[in-house]
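Engineer: what's the 3D shape of this:
(4 chains)
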There are 2 protein chains.
Amino acid sequence: MRTAGPDPGEQGVFRALADPTRRNILVHLTSRDMTIAEVADRFDMTRAAVRKHLTILEEGRLISIRPSGRERLTRLEPLGLKTAADWLDRFSRFWDARLAALQQAVEQEESQKK
Amino acid sequence: MRTAGPDPGEQGVFRALADPTRRNILVHLTSRDMTIAEVADRFDMTRAAVRKHLTILEEGRLISIRPSGRERLTRLEPLGLKTAADWLDRFSRFWDARLAALQQAVEQEESQKK
DNA sequence: TTTAAATGATACCATTTAGTTTCATAAGGA
DNA sequence: TCCTTATGAAACTAAATGGTATCATTTAAA
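Structural biologist: Numbering: from 1, shown residues only, chains lettered A, B, ... in the order given. Sure thing, here's the model as predicted:
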């Protein structure tokens, strides 16, 4: 039986990364863990809105939210971020080759200018 | 003057990557360039729908679409993919440290089991 | 020169998304 | 205890999203 919980797959991660506010939240959380209110203070929108973003980030496994007294501590989760990076890495061999070709073309052009 | 065109920033890329169909299109395009019809043949939806996805991928600079006679040739663009990878890389130092700590914790646990 | 194929453009639709407001509940501190 | 703070939950809205169907246009090919 599969315990109900956040989407472990790619979709949850990419969905979470699609919104600029959510990407910004991740940047803020690199400095330190924060309560929900602390995160919300850094944005020009209601706590309720920020809370929804945090839920989506949690579903994408990019952060974790753990209760601590009456607060919730929000923390960046590196494993989730790695899911997205790994997906992109599947293209890296491809773009390395293409970028090398591009570089060569640019250099060719440069040398002709002189 | 800035020529009108696809969004060069992060947002276009992450927006484009958010949809599973679009990510799948990218995978298909790693094997070879395709016309719009060829791409559409590989999906269970109308050409019009696929065309919209291609437009969003183009706006995110993940692909280019160039006319060739009455067809349009669709090609993967490595530079756009790199935009997303670069953004994620800003977290790599962070998650390397966290993953190292995680690894250590797991090993600690393992040694206690024995 | 017809005809068929590849694409563009537009209008339309249902669902999701990102935000708000309001009210309820739980937990710390004076 | 009383009050304040931190959060949850629900209802609502506007706009974006992902899809459809239909018709027009361009180009290759018989």
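Engineer: Quick check: nearest residue in space to the residue nearest the centre of chain A, chain neighbours excluded?
Structural biologist: Centroid check for chain A by C-alpha atoms, centre = their mean gives A:L17 as the closest residue, at 4.7 Å. The shortest distance from A:L17 to any non-neighbouring residue, by C-beta to C-beta, 6 or more residues apart in numbering or on different chains, is to B:F14 (5.1 Å). Heads up, the C-betas are built off the backbone N, CA and C, glycines and all.
Engineer: Other residues contacting the host helix or strand of that neighbour?
Structural biologist: Using DSSP states H and E, B:F14 maps to helix B:10-17. With contact meaning C-beta atoms under 8 Å, 6 or more residues apart in numbering or on different chains, helix B:10-17 is reached by A:14, A:17-18, A:20, A:23, B:6, B:22-23, B:56-57, B:59-62, B:80-81, B:83-84, B:87.
Engineer: buried sites along it?
Structural biologist: Under the neighbour-count criterion of 16 or more other C-beta atoms under 10 Å in any protein chain shown, helix B:10-17 has B:E10, B:G12, B:V13, B:F14, B:R15, B:A16, B:L17 buried.
Engineer: nearest to B:K52, of the residues you listed?
Structural biologist: Using C-beta to C-beta, B:A16 is the member of those that sits closest to B:K52, with 11.6 Å.
Engineer: State the distance from A:L54 to A:T21.
Structural biologist: 10 Å (C-beta to C-beta, to the nearest Å).
Engineer: Of these two, which one has the most company?
Structural biologist: More crowded of A:L54 and A:T21, by other C-beta atoms under 10 Å in any protein chain shown: A:L54, with 23 against 13.
Engineer: Mind pulling up the pLDDT for that one?
Structural biologist: pLDDT recorded at A:L54 is 98.
Engineer: Could I get the buried residue list for the one helix or strand it maps to?
Structural biologist: Assigned by DSSP H and E, A:L54 falls within helix A:47-59. The neighbour-count check on helix A:47-59 (16+ other C-beta under 10 Å) flags A:V50, A:H53, A:L54, A:I56, A:L57, A:E58, A:E59 as buried.
Engineer: Can I get the residues you listed in TSV including distance to chain B?
Structural biologist: Formatted as TSV, the buried residues of helix A:47-59 follow (distance: C-beta to the nearest C-beta, whole Å):
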residue	distance to chain B
A:V50	19
A:H53	14
A:L54	17
A:I56	11
A:L57	13
A:E58	17
A:E59	14
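Engineer: Format the residues you listed as TSV; extra columns: distance to DNA strand D.
Structural biologist: Listed next are these as TSV, based on distance: C-beta to the nearest atom of the strand, whole Å:
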residue	distance to DNA strand D
A:V50	9
A:H53	12
A:L54	8
A:I56	13
A:L57	13
A:E58	10
A:E59	14
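Engineer: Most proximal residue of chain A with respect to DNA strand C?
Structural biologist: For chain A and DNA strand C, the shortest gap (C-beta to the nearest atom of the strand) falls at A:G69, measuring 2.8 Å.
Engineer: Leaving out the residues flanking it, which one is nearest to A:T35?
Structural biologist: A:E71 is the one closest to A:T35 (C-beta to C-beta, 6+ apart), at 4.4 Å.
Engineer: tally of neighbours for the closest residue to DNA strand D within chain A?
Structural biologist: Closest to DNA strand D within chain A is A:A37: 3.0 Å, counting by C-beta to the nearest atom of the strand. Neighbour count for A:A37, taken as other C-beta under 10 Å: 12.
Engineer: And the helices in chain A?
Structural biologist: Remark: helices assigned in chain A by DSSP state H are A:10-17, A:20-31, A:36-41, A:47-59, A:78-89, A:92-113.
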